[in-house]
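K.L.:
Provided below are the primary sequence and the corresponding predicted coordinates.
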Amino acid sequence: MKGSINNVKALECLPQTGVGIIYSPAIANIDLPKGLIDTLEVEPQTLCIRNADDSLQIPVNVFEQIQALPYNKLVHSIGAPVGGSLTPKRDQLDLIKYSANLFNSPWVTEHLSFNATTQFNTGFFLPPLQTERGLELAINNVTILQKEIERPIAVETGVNYLKPNTKEMNDGAYVSALAKATNCGILLDIHNLFANQLNGRQSIVDFLKEIPLEQVVEMHIAGGTELNGLWMDSHSGPIDKRLLSLTREILPDLPNLKAITYEIFDSYIPVVGDPVIISEMETVRDLWESRKIRYKAINNEQLPKAVYNVQKLNQEYQPAEWESLLGNEVIGRSSASEGTVQEERFEVYQKLIKEFRASMVARIFKLTTRYMMLVLGAEVFSAILNHFWESYPPEQLSYKEAKNFAKYLQKKEYKLPWLDRLLRYELAVLDTLMDETTRVVEFDADPTPMFNALSQGKLPETMGALGEYEVEITPETSNTDWLVLDHA
């Protein structure tokens, strides 16, 4: 691909990878019928951990196991979003390139969003500033990826829960200008566009009229849910029938479409069950096989037209100013800009980020968080989490979020008999997972009854006897499932 990555003609020559699904261990464990899927789309950051010195560690054996699976592979990065003022970091570029080369990924996709300001991480992908200056930064970031990765880059069309700002470009115009300036591919996330239209932004039809359809190389499709009157890109299960109908109409107009990928968060897979996943993949397979057939929607529920209610923050911003303002709002801090008005839709981002941060802590400190909830009650524990979030900005990595929560608890010195014991133990487990060093944790009471009870979601009926006890923690007995760069 060298020498041709900036040529739109190169997109025509990309191989078809067909029907795909986002890879996760849960997906790998499903007994998928032979021939149902062609491709695994891999988010390399979710497979890696950070060393004690914060350097990125690539588990080569895990990557090679995925490479050995009998499917095509596509690299879908979540670590170098191109929609902000921060340029991709060196370790992320190296990881993406390593993954693309190992998997022989025909193209690489990345998000047209931002998830960090110059001061802090936001803990979530947020919409970029769609102005000329914001466009210049996105063009620069895409160009960096094209040069460094040496493969075609496709940018993903994002979800945006905010009302439009009339000082910005339309969603379609912004994506179009970026694609034309860089000759990059477009990852058309049709569910994101569906959510945007339902939530009052640009309609899918108007969006598609503005973008260069010949540059669409891949489509993402997913299920969603409603929250507080808004349609959420929750990747939570079956594809909406209205979206399926719209997608069938759109597919024949995408001459260079090479793949359709179904997205579902791995946490929902046990909830919906393997049969539903298989059924959804059969639906996606049908979309792919009939993609060139011209359909006209029959009995399709009418989607609301874009209403273009303007956000209250309807003024011109510089990219860094917008990122700081939006970032501060969605993590629950006061805006740094004077004279601004609270945008009610910020509350949606705040809720999503809080849920995500809570899950990060609970996944690592399972025993500690269960103990606190059982002793204090959910309402008090929620108040503690809220105060913690006010004190510490989000982290993109689970272990960093957990470390900050541990620091917070240690400073507060809550008078709960087993809190310090459980926290010391789970911090030791975390440290052992990070540096693979065996540790011994001392207890002044037998921890077995507490461990056993908490694993069942309850407090022990009888506390362990006082005495001198030791628990040895080794890398072999630790669970590293949660030690990932989380999808934000």
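P.N.:
Received, thanks. Note that the structure is a prediction, hence the values are computed from the model and not measured.
K.L.:
what's the burial count for residue 34?
P.N.:
By the criterion of other Cβ atoms under 10 Å, residue 34 has 6 neighbours. Heads up, the C-betas are built off the backbone N, CA and C, glycines and all.
K.L.:
help me confirm that residue 401 comes into contact with residue 358.
P.N.:
No. Applying Cβ atoms under 8 Å, one finds residue 401 not in contact with residue 358, separated by 9.7 Å.
K.L.:
more neighbours: those two, which one.
P.N.:
Shown here are residue 401 and residue 358; by other Cβ under 10 Å, residue 401 has more neighbours (26 against 19).
K.L.:
where's the more buried one relative to residue 73, distance?
P.N.:
Note on residue 401: its distance to residue 73, by Cβ to Cβ, to the nearest Å, is 29 Å.
K.L.:
what residues does residue 475 make contact with?
P.N.:
432, 433, 436, 437, 438 (Cβ atoms under 8 Å, 6 or more residues apart in numbering).
K.L.:
one more pass at 7 Å, please.
P.N.:
432, 436 (Cβ atoms under 7 Å, 6 or more residues apart in numbering).
K.L.:
same check, this time on residue 185
P.N.:
Neighbours of residue 185 in contact, by Cβ under 7 Å, 6+ apart: 11, 107, 152, 153, 154, 215, 217.
K.L.:
which of the residues you listed fall within strands?
P.N.:
Taking DSSP state E as the definition of strands, these contribute 153, 154, 217.
K.L.:
quick one: which of these is nearest residue 255?
P.N.:
Nearest to residue 255 among these, counting by Cβ to Cβ, is residue 217 at 10.4 Å.
K.L.:
wait, the closest one touches residue 11, no?
P.N.:
Yes. Shown here, residue 217 and residue 11 form a contact pair, counting by Cβ atoms under 7 Å, at 5.5 Å.
K.L.:
what touches both of the two?
P.N.:
Counting by Cβ under 7 Å, 6+ apart, the residues touching both residue 217 and residue 11 are 185, 256.
K.L.:
low-confidence stretches in this structure?
P.N.:
For the chain, the stretches flagged by pLDDT under 70 are 1-6, 52, 297-302, 306-308, 334-342, 477-488.
K.L.:
would you map out the domains in it?
P.N.:
8-289, 346-477 (automatic domain parsing).
K.L.:
the ones you listed: which one's closest to residue 313?
P.N.:
domain 8-289 (6.8 Å).
K.L.:
so residue 328 is in which element?
P.N.:
Assigned by DSSP states H and E, residue 328 belongs to helix 319-330.
K.L.:
ignore the last one, residue 431
P.N.:
Assigned by DSSP H and E, residue 431 falls in helix 419-435.
K.L.:
give me the contacts around the next helix or strand after that helix.
P.N.:
Next in sequence after helix 419-435, counting helices and strands by DSSP H and E, comes strand 439-445. Contacts to strand 439-445, defined as Cβ under 7 Å, 6+ apart, come from residues 421, 424-425, 428, 431-432, 463-467, 469-473.
K.L.:
can you check stretch 128-146 too?
P.N.:
Contacts of stretch 128-146 (Cβ under 7 Å, 6+ apart): 5-6, 80, 82-85, 87-88, 110, 112-114, 153, 155, 167-169, 174, 177-178, 181-182, 184, 317-319, 322.
K.L.:
with adjacent residues omitted, what lies nearest to residue 8?
P.N.:
Leaving aside its chain neighbours, residue 8 sits nearest to residue 183 (4.9 Å; criterion: Cβ to Cβ, 6 or more residues apart in numbering).
K.L.:
what's the neighbour count on the one you found?
P.N.:
20.
K.L.:
likewise the one 5 residues further on?
P.N.:
The local packing count at residue 188 equals 29, with neighbours defined by other Cβ under 10 Å.
K.L.:
contact partners for it?
P.N.:
157, 216, 219.
K.L.:
need those residues in JSON lines with distance to residue 240, can you?
P.N.:
Listed next are the contacts of residue 188 as JSON lines, based on distance: Cβ to Cβ, whole Å:
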{"residue": "157", "distance to residue 240": "17"}
{"residue": "216", "distance to residue 240": "20"}
{"residue": "219", "distance to residue 240": "15"}
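K.L.:
most neighbours among those, please name it.
P.N.:
residue 219 (27 neighbours).
K.L.:
what segments of the stretch 201-350 of the chain are strands?
P.N.:
Listed in chain order, the strands found in the stretch 201-350 of the chain under DSSP state E, counting those that start in this stretch are 216-222, 225-227, 230-232, 259-263.
K.L.:
need the phi and psi values for the residue lying closest to residue 230 once chain neighbours are set aside.
P.N.:
Leaving aside its sequence neighbours, residue 230 sits nearest to residue 199 (Cβ to Cβ, 6+ apart; 5.1 Å). When read as degrees, to the nearest 10, the backbone of residue 199 gives phi -90, psi 10.
K.L.:
who touches residue 199 in this structure?
P.N.:
Contacts of residue 199 (Cβ under 7 Å, 6+ apart): 161, 230, 231.
K.L.:
which residues of the stretch 1-150 of the chain fall in helices?
P.N.:
8-12, 25-28, 60-67, 90-103, 132-149 (DSSP state H, counting those that start in this stretch).
K.L.:
now the ones you listed in TSV, with mean neighbour count?
P.N.:
Shown next, in TSV, are the helices of the stretch 1-150 of the chain (neighbours: other Cβ atoms under 10 Å):
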stretch	mean neighbour count
helix 8-12	16
helix 25-28	15
helix 60-67	13
helix 90-103	19
helix 132-149	19
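K.L.:
for those, which one sits closest to residue 266?
P.N.:
So among these, helix 25-28 is nearest, using Cβ to Cβ, at 4.4 Å.
K.L.:
no more questions from me, cheers.
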